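1. what's the 3D shape of this:
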Amino acid sequence: MTVQHGATSYANLRTIRGTEYATYQQASLALGLLEDNWEWIQCFQETVVYATGAALRTLFATAIMYSNIHDPHDLWLRFRQHFCDDLPHQLQQLTFVIPPDLVDPHFDYGLHLLSIILEDAGKLLDTYHLPPVLGPWKEIIHVNALIATQLMYQPESEEDNSVIYSAQLNPG
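-> Sure, this is the predicted structure:
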C-alpha cells in the first residue's frame, strides 16, 4: 500500500494501523516500504570474523555513502568495537598525551578516521547522524613523530639522569 486514502492531516499520514509514528520514514518502515538495517547487520556480523578494523571502517563508509542504510548511527554503535579493534594499539604508539577527559579514545579516533574517508568523498559525519569527533586528532596525528620526540627533549631532566646513571658506572 503506497497510497493513504482519506488522509486529513500530516499526522494521519504517519499513522499506520492505529500507531502514529514520529517520522514519515518510520511510518514507511512500518508499512514495509523501506528496508531496515537487517541486511547490513548480517553483512557486518559475517565480515567482522575475517576483516581488519581498517577494512571494516572502509566498508562502513562505503555502505553509508552508496547504500540506503536506515540507521547508520545504530550500525556504528553495534559494530564500533570491531571497526576500532586495531586502534588501541595505534594510540599507544603516539608520542603525544591523549586528553584525559576523552572517554573511549579509540572509538573517537575511529570516528576521526571514518571522517577522513567521508571527507575524501565530500561528505561529513553529521550527514549520516554519526557522533562528532571530540579529540584533537588532526593536531595530534599529523605531526612528524621524530620531530615531536625531539621537541619533547628536556635538558634539565637529561642532566639529572646523567648524574644518576654516571654514579652507577663501575670505575673500570
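2. Which residue ranges make up each domain of the protein?
-> Domain assignment for the chain by automatic domain parsing gives 1-34, 36-167.
3. and the ones you listed, which one's lowest on average pLDDT?
-> Out of the domains of the chain, domain 1-34 stands lowest, with a mean of 77 (criterion: mean pLDDT).
4. Can you give me the buried ones in that one?
-> 14, 15, 16, 21, 26, 27, 28, 29 (16 or more other Cβ atoms under 10 Å). Yep, even glycine has a C-beta here, placed from its N, CA and C like the rest.
5. contacting residues for the fourth one?
-> Shown in contact with residue 21 (Cβ atoms under 8 Å, 6 or more residues apart in numbering): 14, 15, 27, 30.
6. do that again at 7 Å, thanks
-> Applying Cβ atoms under 7 Å, 6 or more residues apart in numbering to residue 21 gives the contacts 14, 27, 30.
7. Name the residue closest to the centre of this protein, please.
-> Nearest to the geometric centre of the chain sits residue 111, at 2.5 Å (Cα atoms, centre = their mean).
8. Check what contacts the helix or strand that residue falls within and list those residues.
-> If you go by DSSP states H and E, residue 111 is part of helix 105-120. For helix 105-120, contacts defined as Cβ under 7 Å, 6+ apart pick out 57-58, 60-61, 65, 80, 83-84, 87-88, 91, 98, 102, 124-125, 130-131, 133-135, 137.
9. Downstream of that helix, the next helix or strand is which one?
-> Using DSSP H and E, the first helix or strand after helix 105-120 is helix 137-141.
10. re the thing from before, which pair in the buried residues of domain 1-34 has the greatest spatial separation?
-> 15 and 29 (13.8 Å; Cβ to Cβ).
11. Now for those two: what residues contact both?
-> Joint contacts of residue 15 and residue 29 (Cβ under 7 Å, 6+ apart) do not exist.
12. Next, count neighbours for residue 79.
-> 19 (other Cβ atoms under 10 Å).
13. who are the neighbours in contact with it?
-> Taking Cβ under 7 Å, 6+ apart, one finds 44, 48 in contact with residue 79.
14. Could you confirm it falls within a helix?
-> Yes - checked against DSSP: H, G, I helix; E, B strand; the rest coil, residue 79 lies within a helix.
15. I appreciate the help and will end here.
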